[in-house]
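turn this into a model:
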Amino acid sequence: MLKDKLNNLIPDQEKGNRKIVEMRKIIFDSVWAQRKYTNRNSLSAIIYVFVSDCDRKELAINAKKFSCHPVFRTRKCTTDGDSSHCCMIFIDELGRVYKNWKTYLANNELPSGLMIAPLNGIYTTDYNGHVQLEVHPTPNGSAAKQLLGVADTATAVAGFGAATIPLAAMMMTVAPALITGAGAVCATTAAYSAIRSLCNLVDRKKHEQSIGLDNSQARNAWIGVGAGVVGVGASRATNVMTRAAAAGKEISLATELLVNGMNISSIVLSGTGVANGILDLLIKYRDDEEVTSMELVQLAASLVLFTHSVSNFRMASTLVNDTHSATIQDYRKSLSNRQRKIFDKMSKETIRIKGAQQGKVDIIRGANDMPSKQYLNDLYKINKKLNEAKVRPAFGAAGEGVVLNNDVAVNTNDLRNNLQHNKGSSVLNSVTKPIPTTHSEVNAVSNSKLLIVNVNNKGDSSAQPSAVAIGMGSIVLPNNILISLSEYGTRLYEIIANTGSFDDIITTMADAFSQQTFEFLMKLAQEFVETHLEKIRNTIKIFIPAETILYRIFLYVENNCASQTYAFLHTKKQEILRSLNIYFNSLNPNSYLNKIRCDICGGSYSICNLQDFNYAQL
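Residues are numbered from 1 along each chain as shown. Take a look at the predicted model:
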């Protein structure tokens, strides 16, 4: 029934039905989840709130132009079984859940203007029979929200502008001051977007909206938070490394990998944000939906972070390489001609077998570990013998000093004494590996593609079975069973809530059972209504429709009766009636085991688990 109400409340349109279906589902899930306060019963009603762009309350009440917004009200707190003056839950058309009417008035997402609503969110009348109303400005019309909108727009414009600077710097010379200013705007935009996105996630969680990645707004917010935090961190790390390099400090490989990793993470996150943001804009354009300032801020932040992260990554890689080269050149200048000759040979060999990046790191580390430079003199003296033995010296990894054929670490003084003066054991005999092959260093830039798969889920809609006439006369069911409705009294038909559902259940029962069994079960429903229902309704204070009673009877017989003949079911009559009593009494929203006192209204409520209960077991 709730789904039928939503279908009528939000009907299909000529286009954009995907969004309509999604909206119905979100509202249904939010309303259905509130059964936790009413022992798994859905006690809800619909009110309507109107928004006018008038600036005075008197004009708003009589406005001819307005927007209409449905709001679901569900029960939460009670005082002695009465909920008249207690807290009620309100769910708006976005599926946002508000814990009471005051919270709805203060935090709703209605458009800017004056809202006209039933007094306290409940339809009541005055002595003249007029509906009592209240008028309030919507939160989106407040000065704070207007100022926030201006800040969003300004930040988005600044972010889009700053995103172009790194792109321009890749193609032409840009003034350093402009690059510095763009970096400051990037950090500000990213921080602002991250804070706004985080606040958005907190607000969605507070109002029981989805914060999962399957929701576009929540996904944008998560990307905004992640890209903002990682992007700002990567930018600051790059700046720190830049200052360290400018001061002549050695940049360790671990630091380089860390900074590059942060920049790559920022590129991935912000690039995902750009792709996701553009895709959402295209979908909104297709569905004629309005783009919010928050979405523009998130897109601008993702774009500016993406361009700056790419620039930072390129700069960090170039910076480290330039710093290494400058350090090596400074060291080389301090050498004598002989030392420089053997140093160049070792440097070339180190880079050949280890690659430029790792090779330069090992050269700098080796030079720092051997400050006396005597190792170069030793190697120069025995260079010819090393060539004859097909052994090449190179700088080793951390702590290895000089290595031969990238295999054996040696003390150059011992090596020289051994080769020149035959002192000690033969060092060259310990070198078993040939001259190592050249390092295969490939610097490739892969262009990742965002694959967008558009999946259209087409479901076949089955038509509702045609309804038989509901009345007190005789009707013929589709299986040609003739039944006289007057035989089952009037009480059963007075509590029909939905004629279509009633038609469905009696048609199903007529198809499933013999005519004698069908008539027996209808009589059983009549007896339950006339002898048991009033007491149950007075206890649980819930309207129980006829179609629900018949459905519970049908379900019990299908699940619990081995034989469905009239003779067998007649012996189960009291058992079926007892099962109906147990089931409907279990719906009592007032039968709480652990009541919680409400600090707002003074009433009480309880929360049940909607997952661990199976009605079919009753």
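
any stretches of the stretch 401-550 of the chain with poor pLDDT?
440-483, 485 (pLDDT under 70).

now do the helices in it.
With DSSP state H, counting those that start in this stretch as the criterion, the stretch 401-550 of the chain has helices at 412-421, 491-494, 499-512, 515-531, 533-540, 546-560.

buried set for the third one?
Pointing back at helix 499-512 there. 501, 502, 503, 504, 505, 506, 507, 509, 510 (16 or more other Cβ atoms under 10 Å). From N, CA and C alone the C-beta is placed, and that goes for glycine too.

most widely separated two among those?
Using Cβ to Cβ, the buried residues of helix 499-512 span at most 15.0 Å, a distance reached by 501 and 510.

host element of residue 329?
helix 293-333 (DSSP states H and E).

any idea how far that helix is from the middle of the chain?
Remark: helix 293-333 is offset 30 Å from the chain centroid, using Cα atoms, centre = their mean, to the nearest Å.

what is the rounded mean pLDDT of that helix?
If you average the pLDDT over helix 293-333, you get 75.

the host helix or strand of residue 21: how far from the chain's middle?
Following DSSP H and E, one finds residue 21 within helix 17-33. Centre-to-centre, helix 17-33 and its host chain are 17 Å apart (Cα atoms, centre = their mean).

and the contacts of it?
2-3, 6-7, 10-13, 42, 44, 72, 74, 91, 93-97, 208-210, 287, 289, 610 (Cβ atoms under 8 Å, 6 or more residues apart in numbering).

adding distance to residue 301, write the buried residues of helix 499-512 out as a markdown table.
Compiled in a markdown table, those are given as follows (distance: Cβ to Cβ, whole Å):
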| residue | distance to residue 301 |
| --- | --- |
| 501 | 50 |
| 502 | 56 |
| 503 | 56 |
| 504 | 52 |
| 505 | 55 |
| 506 | 60 |
| 507 | 58 |
| 509 | 60 |
| 510 | 63 |
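
any quick PyMOL command for the buried ones out of the contacts of helix 17-33?
Buried members of the contacts of helix 17-33, defined by 16+ other Cβ under 10 Å, are picked up in PyMOL with:
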select buried, resi 6+10+42+44+72+74+91+93+94+95+96+97+208+209+210
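
before we move on, the earlier item: export the helices of the stretch 401-550 of the chain to TSV and append columns for distance to residue 165.
Conversion of the helices of the stretch 401-550 of the chain to TSV gives the following (distance: least, Cβ to Cβ, whole Å):
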stretch	distance to residue 165
helix 412-421	51
helix 491-494	75
helix 499-512	63
helix 515-531	76
helix 533-540	67
helix 546-560	66
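
which stretch among these comes nearest residue 386?
helix 412-421 (8.0 Å).

still on that earlier bit, which ones among the contacts of helix 17-33 lie within helices?
Members of the contacts of helix 17-33 lying in helices (criterion: DSSP state H): 2, 3, 6, 7.

distance of the third one relative to residue 208?
Right, residue 6. Computed as Cβ to Cβ, to the nearest Å, the residue 6 to residue 208 distance reads 17 Å.

with the last one instead?
Taken as Cβ to Cβ, the spacing of residue 7 relative to residue 208 amounts to 23 Å.

same question for the first one.
For residue 2, the distance to residue 208 (Cβ to Cβ) stands at 17 Å.

number of nearby residues for residue 304?
For residue 304, the tally of surrounding residues (other Cβ atoms under 10 Å) stands at 32.

is it true that residue 406 touches residue 434?
No - with contact defined as Cβ atoms under 8 Å, residue 406 does not reach residue 434; the gap is 10.3 Å.

comparing the two, which shows the higher neighbour count?
Taking neighbours as other Cβ under 10 Å, residue 406 and residue 434 compare with residue 406 leading, 22 against 10.

pLDDT value on residue 202, please?
93.

ok, and the closest non-adjacent residue to residue 488?
The shortest distance from residue 488 to any non-neighbouring residue, by Cβ to Cβ, 6 or more residues apart in numbering, is to residue 526 (4.5 Å).

OK, contacts around the one you found?
488, 489, 491, 492.

tell me which two of those sit farthest apart.
488 and 491 (8.8 Å).

between these two, which one's more packed in?
residue 488 (21 against 14).

pretty sure the more buried one is in contact with residue 525, am I right?
Yes - with contact defined as Cβ under 8 Å, residue 488 reaches residue 525; the gap is 7.3 Å.

low-confidence ranges in the stretch 251-400 of the chain?
251, 253, 314-324, 357, 398-399.

hmm, try it at 80
251-257, 284, 286-290, 308-327, 356-362, 364-372, 397-400 (pLDDT under 80).

strands along that one, start to end?
For the stretch 251-400 of the chain, applying DSSP state E, counting those that start in this stretch gives strands covering 393-395.

tell me the contacts of the residue nearest to residue 110 when sequence neighbours are not counted?
Residue nearest to residue 110 in three dimensions, not counting chain neighbours: residue 138, with 4.3 Å by Cβ to Cβ, 6+ apart. Neighbour list for residue 138: 51, 108, 110, 111, 112, 113, 114, 115 [criterion: Cβ under 8 Å, 6+ apart].

now do residue 501 against residue 559, distance only.
Residue 501 is 20 Å from residue 559, by Cβ to Cβ.
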